[in-house]
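Colleague: Quick check, what structure comes out for this input:
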Amino acid sequence: MPIIVNRGGPENEHVDLSSSVGGPDWEAVRTFLELARCGSIRSAADRMGLSPNALRRKIDELERTLGTVLITRHVDGIRPTTEGAEILLAAKRMEEAAFGLVRARNRAVPAMSGEVRIGITEAFGTFWLGPRLVEFQRAYPQLGVDLMCAMRSADVLRMEVDVAIQLDRPTSPEVKVVRLGRIHSMLAAAPSYLAIYGTPKTIEDLRKHRLAMQFADQTKSQEVFTGLFPDVELRKLVKFSTNNSSALLWAIIKGAGIGWSPTYIHAMGPKMVPLDIDAIFPFDIWLTYHPDAARVPRVRRMIDWIVENFDPKLFPWFRDEFIHPRDLPGQYHGPPLVNLFEGLTWESNNIIKM
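Modeller: The predicted model follows:
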């Protein structure tokens, strides 16, 4: 039976699954898999980029094709029927077989050609790894890189990406996990903001200030705010919010409010003042990948390169111990990080010379 890769693969790798007239359509089967994994029509639709009605139509079509009811709806979501559970097991085997074909194809491709897909948090992708990837691609000009920046951790088991960098430790025993280092997040504000509103000295002082934060799925800043102010609704303290970490950084730099920022951002020279308040939070950085992916030479080289670029010995802001931004120039001995953003209009009179 012909099969296709799931949505984690490039579009040009899709093959028609329909085996005969009246056979199940792979897109409908894939939709059923996502629905069963997510547990609700709305969350599955969001994950697949569909409307809830479009997702329901695909499920209805699959049920008509197979001649059986696959799911039942409950107040807390959906549940597979007995028949649906059997078909779900078969669908998972089909999906794994598809992944096996892609992995075999990858091993057959010439060593340093093809494409490597990296799943990464938006901030790391934009401000750290993305600007550095040009070095890697100059060394391997035949290799394509797809950098997928999102707050949701990509699923390496289901081959959404080849490798993923995230702040939550993967729990699946089937994936390989490497601890890359640690980031330290601390409060910061623009000089223009502090000139108008003053400088807070304590956590309690923050209640009188304008806060800025990122509202999105799986953001650590939301956990931090909730822990500091359990008795206050976040929206009452937050005067600027966004779902985008780049927009948040620019808002802080321009004086919209006080917000959390990783210490490594200060090493890049933005006009932003770190605040010495007892509200510094560390988060471990995790690299994860499928064991089979490391057998592909281009993916193995990318894994090694990523590890090198998060090396705490070279980049002190990734060390386990907190280093204040004012002390980073004495700890870092590489080229100026502002060079990574040559061509952008950072406020040059405040660039940290490192």
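Colleague: Any buried residues in stretch 83-96, and which?
Modeller: Neighbour-count burial for stretch 83-96 flags 84, 87, 88, 91, 94, 95 (criterion: 16 or more other Cβ atoms under 10 Å). Using the backbone N, CA and C atoms, a C-beta is placed for each residue, glycine as well.
Colleague: Likewise for stretch 302-311?
Modeller: Using 16+ other Cβ under 10 Å as the test for burial, stretch 302-311 gives 302, 303, 305, 306, 309, 310.
Colleague: Turn these into a markdown table, columns for pLDDT and distance to residue 209.
Modeller: Below are those laid out as a markdown table (pLDDT from 0 to 100; distance: Cβ to Cβ, whole Å):
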| residue | pLDDT | distance to residue 209 |
| --- | --- | --- |
| 302 | 93 | 42 |
| 303 | 93 | 42 |
| 305 | 93 | 41 |
| 306 | 95 | 37 |
| 309 | 93 | 35 |
| 310 | 95 | 33 |
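Colleague: List phi and psi for the residue nearest to residue 262 when sequence neighbours are not counted.
Modeller: Distances taken as Cβ to Cβ, 6 or more residues apart in numbering place residue 183 nearest to residue 262, at 4.7 Å, with adjacent residues excluded. The phi/psi pair for residue 183 (degrees, to the nearest 10) reads phi -110, psi 150.
Colleague: So which elements touch the helix or strand of the chain with the lowest mean pLDDT?
Modeller: Within the chain, no helix or strand scores below helix 220-228, which has a mean of 72 by mean pLDDT, DSSP states H and E. With contacts defined as 3 or more Cβ pairs under 8 Å, 6 or more residues apart in numbering; DSSP states H and E, helix 220-228 has these neighbours: strand 176-189, strand 211-214, helix 234-237, strand 259-262, strand 281-289.
Colleague: any idea how far residue 226 is from the residue nearest to residue 262?
Modeller: Here residue 183 is placed at a distance of 19 Å from residue 226 (Cβ to Cβ, to the nearest Å).
Colleague: next one: residue 97
Modeller: Distance, residue 97 to residue 226, by Cβ to Cβ: 43 Å.
Colleague: if we can go back for a sec, just the C-alphas of the least confident helix or strand of the chain, formatted as PDB.
Modeller: Taking C-alpha atoms only, helix 220-228 is exported to PDB below (Å, rounded to 0.1, in the frame of the first residue of the first chain):
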ATOM      1  CA  LYS A 220       8.200  30.700  30.600                       C
ATOM      2  CA  SER A 221       7.500  34.400  31.400                       C
ATOM      3  CA  GLN A 222       3.900  33.500  32.100                       C
ATOM      4  CA  GLU A 223       5.000  31.000  34.700                       C
ATOM      5  CA  VAL A 224       7.300  33.600  36.200                       C
ATOM      6  CA  PHE A 225       4.700  36.300  36.500                       C
ATOM      7  CA  THR A 226       2.200  33.900  38.000                       C
ATOM      8  CA  GLY A 227       4.700  32.800  40.600                       C
ATOM      9  CA  LEU A 228       5.600  36.400  41.600                       C
END
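Colleague: and residue 155, that one's in a helix?
Modeller: No - counting by DSSP: H, G, I helix; E, B strand; the rest coil, residue 155 is not found in a helix; it is coil.
Colleague: What count of nearby residues applies to it?
Modeller: 19 (other Cβ atoms under 10 Å).
Colleague: What distance do you get for it to residue 66?
Modeller: Residue 155 sits 26 Å away from residue 66, taking Cβ to Cβ as the criterion.
Colleague: And for residue 167?
Modeller: 40 Å.
Colleague: Run through this structure and note the low-pLDDT ranges.
Modeller: Applying pLDDT under 70 to the chain picks out residues 1-23, 99-112, 216-221, 339-354.
Colleague: how is it carved up into domains?
Modeller: Split into domains by automatic domain parsing, the chain comes to 11-108, 112-354.
Colleague: which SS class is residue 61?
Modeller: Three-state assignment for residue 61 (three-state DSSP): helix.
Colleague: Could you pull out the strands in the stretch 51-200 of the chain for me?
Modeller: Along the stretch 51-200 of the chain, counting by DSSP state E, counting those that start in this stretch, strands occupy 71-74, 77-80, 114-120, 143-149, 163-166, 176-189.
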